[in-house]
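Colleague: Could you look at this predicted model? Sequence included:
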Amino acid sequence: MQVTIHAAKTNLSKLIDAALSGEEVILAKGKKPVARIVPIPQTRFRIWLLEGQLAGPGPDFFEPMGEDELALWEGR
């Protein structure tokens, strides 16, 4: 579907829905195509992506640092 920029301003939500459903949406200045509305692929972040691949438990960031770690952090 090709629509003018003026028409796109008033129908943006509908055009986005059309693009999300797989329809090609072209914006035009007059009759000249100038842009395309395309959906951004939605991927789900999976926290378990590296599950079982990390050696041992991760650091506990809420535990106080030991004196030797604190000295390194402070540059002593």
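Modeller: Looks like it arrived, so ask away.

Colleague: Can I get the one helix or strand in the chain whose mean pLDDT sits lowest as CSV, trimmed to CA atoms?
Modeller: Of all helical and strand segments in the chain, the minimum by mean pLDDT, DSSP states H and E falls on helix 67-74, at a mean of 88. What follows is helix 67-74, C-alpha atoms only, in CSV (Å, rounded to 0.1, in the frame of the first residue of the first chain):
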residue,chain,number,x,y,z
GLU,A,67,39.8,-6.0,52.7
ASP,A,68,42.1,-7.1,49.9
GLU,A,69,39.4,-6.5,47.2
LEU,A,70,38.5,-3.1,48.8
ALA,A,71,42.2,-2.1,48.7
LEU,A,72,42.5,-3.0,45.0
TRP,A,73,39.3,-1.1,44.3
GLU,A,74,40.6,2.0,46.1
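
Colleague: elements contacting it?
Modeller: Here helix 67-74 touches no other helix or strand, going by 3 or more C-beta pairs under 8 Å, 6 or more residues apart in numbering; DSSP states H and E. All C-beta spots, glycine's among them, are computed from the backbone N, C-alpha and C.

Colleague: where's it relative to the chain centroid, distance-wise?
Modeller: Taking C-alpha atoms, centre = their mean, to the nearest Å, one finds the center of helix 67-74 at 37 Å from the center of the full chain.

Colleague: now swap in stretch 21-40 and tell me
Modeller: Stretch 21-40 has its C-alpha centroid displaced from the chain centroid by 21 Å (C-alpha atoms, centre = their mean).

Colleague: buried sites along that stretch?
Modeller: Buried residues in stretch 21-40, counted by 16 or more other C-beta atoms under 10 Å: Val25, Leu27, Ala28, Ile37.

Colleague: Make CSV out of these and add secondary structure.
Modeller: Shown next, in CSV, are those (DSSP: H, G, I helix; E, B strand; the rest coil):
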residue, secondary structure
Val25, strand
Leu27, strand
Ala28, strand
Ile37, strand
